[in-house]
Every structure is written in C-alpha cells, then in structure tokens.
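> model this:
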Amino acid sequence: MEQLEKLVACRFYVDLKLVGSSESTDATFLECKGIKIAQPAIKVTEVCGDRWGSAPYGRVEETKIPGNLNVSDIVLRRCISASDAFAEWFQSTQDWRWRNNRRDGYLKIMNQDGQPQAVFYFQRAWPTEFSITDASAKSTDFVIEELKLAVEDLIRLQKTTSLSYSASATASFSASASMSMGVSASASAGASFSI
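So this is what the prediction gives:
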C-alpha cells in the first residue's frame, strides 16, 4: 500500500488574477485562510398515517435532508508594498463593478518536491473587506494588508482533473500568487493549469 505524504501548511501556492497587477511579487501571500464549505442539515417533520400511542394514526416522523451549501469567506494576507492591486480590486466593488471583477482562483497545497497534492478551486470571488495592520513607531514588524473575499463555490479537484483558467476581462488582470517556502512563480492570462 502506498504511503501518502503528510503536507505542511507553509508549502502552498495561491493562483489569482488581481486587478491592475503586472508583477509576480504583487501576489506573494503570507497566509490564505478560510477554506471551508458546509452543508447544514434541514429537519423535516411529517405526520404519518402510522399508529401513535393509543391513537389510530398521527405518528410524527423527523427526517434530516441536506440544505444549501455554505462557502466561507477566504482571507488573503501579504506584506504591504507599493502595489495597490488589493485596494483597486476592493474599489471596484464600491463602484458597482464587482460583477465584472469576480475572479476564480486556486489554492494548491504542495509536497516537499513542490508538486501540488491537494488543489482547491474557488469561483467568482470578489472582495468584501480590505484592511491593514496598525502602524507603530515602536514596532519592527512588517505592515500586513488583508483582503477578505466572498466566494460562491469551492471544489476540491481530483488529481486527474484538468482545468483551463483564463482571464475573461482585460489583460491588466495578470498577476499570479504564490508562497512556497519563499519561492514565487508567475503565470500570464490564458495559462492552463493541469492537476
């Protein structure tokens, strides 16, 4: 039986086309959190024709059925730089351009050889919140900017799945994101990612 490698949290790659970004360094993330999908149970109570106690009918029967899928928000964090790609993308939602600026992306968890082993595909993401950490003259920490994304769908891809990922709007949406033990990579619009 094949021994499966346990994956570590620090070896991950996030691929996301950002608004107005043209440098691969614009999208090197320190954290990607909030990958969660839930399907709550709905209780359905019915009165059946079966006997209930001394009554000839009226037994109550409760069944649980799956409800609507719930996809949690995804939070991306990175060191702040001169790039304003996060702020520009967030501004697009304030200007009611969010529908045209929704983006698909991938979170890839890598093994020690840098090969993707667990791949999550999120669809139609758009920013709902933008923030930066506090600035302080007493601190030597990096200032971190954070973007919270509303995501409509989240799928874990099988290793045999192949998806083509291309930017549908303009060529200015052409940054990729990565953080894999300090190694970053870039991808241009229209690139195809095979898993």
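
> Identify the nearest residue to Ala41 in space, disregarding sequence-adjacent positions?
Distances taken as C-beta to C-beta, 6 or more residues apart in numbering place Lys64 nearest to Ala41, at 4.4 Å, with adjacent residues excluded. Using the backbone N, CA and C atoms, a C-beta is placed for each residue, glycine as well.

> And for the one you found, the neighbour number?
Neighbour count of Lys64, defined by other C-beta atoms under 10 Å: 10.

> do Leu7 as well
15.

> need the longest strand for the protein.
With secondary structure taken from DSSP state E, the chain has its longest strand at strand 116-132.

> So which bits of that one are buried?
Neighbour-count burial for strand 116-132, with 16 or more other C-beta atoms under 10 Å as criterion, is recorded at 116-117, 119-122, 125-127.

> coming back round to it: quick one: residues contacting the residue nearest to Ala41.
41-44 (C-beta atoms under 8 Å, 6 or more residues apart in numbering).

> Name the nearest of those residues relative to Asn68.
Proximity of the contacts of Lys64 to Asn68 (C-beta to C-beta) peaks at Ile42, which lies at 8.8 Å.

> just to revisit the earlier point, run through the bridge partners of the residue nearest to Ala41.
In this entry, Lys64 is beta-bridged to Lys43, by DSSP bridges.

> do the same with Ile144
Under the criterion DSSP bridges, Ile144 forms beta bridges with Cys79.

> So what's the predicted local confidence for Pro116?
If you check Pro116, the pLDDT there is 88.

> now swap in Tyr57 and tell me
Reported pLDDT at Tyr57 in the predicted model: 78.

> Grab the nearest non-local neighbour of it.
Sequence neighbours aside, Gly49 is the residue nearest to Tyr57 in space, at 5.0 Å (criterion: C-beta to C-beta, 6+ apart).

> what's the burial count for the one you found?
Here the neighbour count serves as a burial measure; for Gly49 (other C-beta under 10 Å) it reads 9.

> quick thing: my sequence starts at 15, can you match it?
OK, 15 is where the count begins now, so the last one is Gly63.

> quick one, domains of the protein?
By the assignment in automatic domain parsing, the chain contains the domains 25-50+86-208, 51-83.

> How far off centre is the shortest one?
Just to be clear, that refers to domain 51-83. Averaging C-alpha positions (C-alpha atoms, centre = their mean, to the nearest Å) puts domain 51-83 35 Å from its chain's average.

> Might one say that Thr107 is in contact with Glu143?
No. Between Thr107 and Glu143 there is no contact under C-beta atoms under 8 Å: 9.9 Å.
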